[in-house]
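[1] Structure of the sequence below:
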Amino acid sequence: LASQFEMECRRLLLIIYLACLAKHSLAHILNDQSKQLQPLRKTKPVVVVGSANADVIIEVDRLPVREETIASRSPTTGIVVPGGKGANQAVAAAKLSGAVGGMEVQFIGQFGDDVHGNVLESCLRESGVDISECGRCKRCPSGQGYVFLEPDGAVSSVVVGGANAVWREDQARFVKPVGRASIVMLQREIPEHVNEVVARIASAKGVPVMQDIGGEERPISDELLSRVTYVCPNLSELQRLTGLPVSSDEEVLAAASSLQQRGAQHVLVTRGADGAMLVLKDGSVLKQDCCAVPGGQVV
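    Take a look at the predicted model:
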């Protein structure tokens with residue numbers, strides 16, 4: 001089974017690779033003045049602010065249509081694994097950091113007051129992620145994700161917010177960890193006001209922000225777009241945000257450019273089997289074909 005974490009690793013590697021092709025060294029992306037990889041041992045931490053979910057992965061032959069009930073592909077499917085876009089990014093960053101000197105990774109999120117919350121905490125700690133700034137929501141379940149995995153590896157999901165939707169109204173809690181970060185990573189499985197506050201603090205401190213558009217289906221403000229360094233939608237998210245078609249390279253470029261006209265700097269569009277397109281602030285475009293799945297197939 002290809003886990004959400006493995007997908008997030010590939011997504012992060014793709015982002016790093018494309019940015020390097022754009023004549024930005026990895027050290028620059030992580031806000032390090034040195035262009036050598038070795039000094040990354042002393043860089044500031046990667047800070048991920050986002051969601052943590054208990055994911056239920058269900059293998060299906062196809063998705064049900066409206067008012068239809070179908071059976072899973074396997075009677076043993078339906079296992080629960082740690083997930084959530086924020087936690088996935090944090091674990092992926094921690095694993096990848098071993099290749100560049102072991103950077104610190106800090107996750108800021110909300111755990112529920114249930115056994116899933118305990119499991120999520122343990123998983124992040126065991127993966128080497130700092131969770132000292134995380135909160136625990138009393139009398140509230142942890143976030144959950146129901147992931148439907150098709151035979152070709154296509155993934156669809158439904159997310160139940162739980163504790164991810166309940167954050168303290170305490171903006172001051174973000175100032176220190178965000179201010180000392182080398183880069184801040186955001187997604188959209190948490191309230192939008194949290195992303196806006198974090199992006200505002202990061203922008204004021206000169207810390208780059210990477211905003212993954214994946215998560216809740218909602219518009220994004222021009223203010224938030226102007227404060228993030230990289231905006232990362234997939235094709236359906238790009239179409240939803242812009243209202244423009246995305247069936248060809250030219251249409252994807254036009255839709256990405258429309259986000260830049262609203263204030264976005266760099267737009268990275270992931271296109272499934274067609275790879276990815278990075279549209280830089282100066283108008284230049286980089287394309288990357290889809291990387292092969294290790295072992296040849298998703299099982």
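[2] list the buried ones in stretch 208-226?
    Under the neighbour-count criterion of 16 or more other C-beta atoms under 10 Å, stretch 208-226 has 208, 209, 210, 211, 212, 213, 214, 215, 216, 220, 224, 225 buried. Where you see a C-beta, it was placed from the backbone N, CA and C, and this is true even at glycine.
[3] Need those in a markdown table (columns: distance to residue 96 and pLDDT).
    As requested, the buried residues of stretch 208-226 are exported to a markdown table (distance: C-beta to C-beta, whole Å; pLDDT from 0 to 100):
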| residue | distance to residue 96 | pLDDT |
| --- | --- | --- |
| 208 | 17 | 94 |
| 209 | 18 | 96 |
| 210 | 14 | 94 |
| 211 | 19 | 96 |
| 212 | 16 | 94 |
| 213 | 21 | 94 |
| 214 | 19 | 87 |
| 215 | 21 | 83 |
| 216 | 26 | 84 |
| 220 | 26 | 93 |
| 224 | 26 | 96 |
| 225 | 26 | 96 |
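[4] low-confidence ranges in the stretch 1-150 of the chain?
    For the stretch 1-150 of the chain, the stretches flagged by pLDDT under 70 are 1-42, 98-102.
[5] what about the helices in it?
    Applying DSSP state H, counting those that start in this stretch to the stretch 1-150 of the chain gives helices spanning 4-21, 26-29, 85-97, 115-126.
[6] The third one relative to helix 115-126, how many degrees between them?
    Angle, helix 85-97 to helix 115-126, by axes from the mean of the first three to the mean of the last three C-alpha atoms, to 10 degrees: 20 degrees.
[7] CA atoms only: put helix 85-97 into PDB for me.
    C-alpha atoms of helix 85-97 as PDB (Å, rounded to 0.1, in the frame of the first residue of the first chain):
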ATOM      1  CA  LYS A  85      -1.700  16.600   5.300                       C
ATOM      2  CA  GLY A  86       0.200  18.500   8.000                       C
ATOM      3  CA  ALA A  87       1.500  15.500   9.800                       C
ATOM      4  CA  ASN A  88       2.400  13.800   6.500                       C
ATOM      5  CA  GLN A  89       4.500  16.800   5.500                       C
ATOM      6  CA  ALA A  90       6.200  16.900   8.900                       C
ATOM      7  CA  VAL A  91       7.200  13.200   8.800                       C
ATOM      8  CA  ALA A  92       8.200  13.500   5.200                       C
ATOM      9  CA  ALA A  93      10.400  16.500   5.900                       C
ATOM     10  CA  ALA A  94      12.000  14.700   8.900                       C
ATOM     11  CA  LYS A  95      12.800  11.700   6.800                       C
ATOM     12  CA  LEU A  96      14.200  13.700   3.900                       C
ATOM     13  CA  SER A  97      16.200  15.900   6.300                       C
END
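[8] Residue 171: how many residues sit nearby?
    Look at residue 171: counted by other C-beta atoms under 10 Å, it has 13 neighbours.
[9] From residue 163, how far off is it?
    As for residue 171, its distance to residue 163 is 19 Å (criterion: C-beta to C-beta, to the nearest Å).
[10] cool, and residue 79?
    Distance of residue 79 to residue 163, computed by C-beta to C-beta: 21 Å.
[11] One more: residue 183?
    Noted for residue 183: a distance of 25 Å to residue 163, by C-beta to C-beta.
[12] the more surrounded of these two?
    Just comparing residue 183 and residue 163: by other C-beta under 10 Å the higher neighbour count belongs to residue 163, 29 against 23.
[13] For the more buried one, which residues are in contact?
    Shown in contact with residue 163 (C-beta atoms under 8 Å, 6 or more residues apart in numbering): 52, 110-113, 117, 135-137, 140-143.
[14] Residue 278: what secondary structure?
    Three-state call for residue 278 (DSSP: H, G, I helix; E, B strand; the rest coil): strand.
[15] That one is in contact with residue 268, isn't it?
    Yes. Assessed by C-beta atoms under 8 Å, residue 278 is found in contact with residue 268 at 4.9 Å.
[16] Can you get me a residue count around residue 79?
    Residues lying near residue 79 (other C-beta under 10 Å) number 11.
[17] now it, which residues is it bridged with?
    Counting by DSSP bridges, residue 79 is bridged to residue 57.
[18] and if you look at the one 4 residues further on?
    Each beta-bridge partner of residue 83 is listed here: residue 53, as defined by DSSP bridges.
[19] Tell me if residue 250 really is in a helix.
    Yes. Counting by three-state DSSP, residue 250 is part of a helix.
[20] what's the distance between it and residue 113?
    If you measure residue 250 against residue 113 using C-beta to C-beta, the figure is 50 Å.
[21] Give me the more crowded residue out of those two.
    residue 113 (16 against 10).
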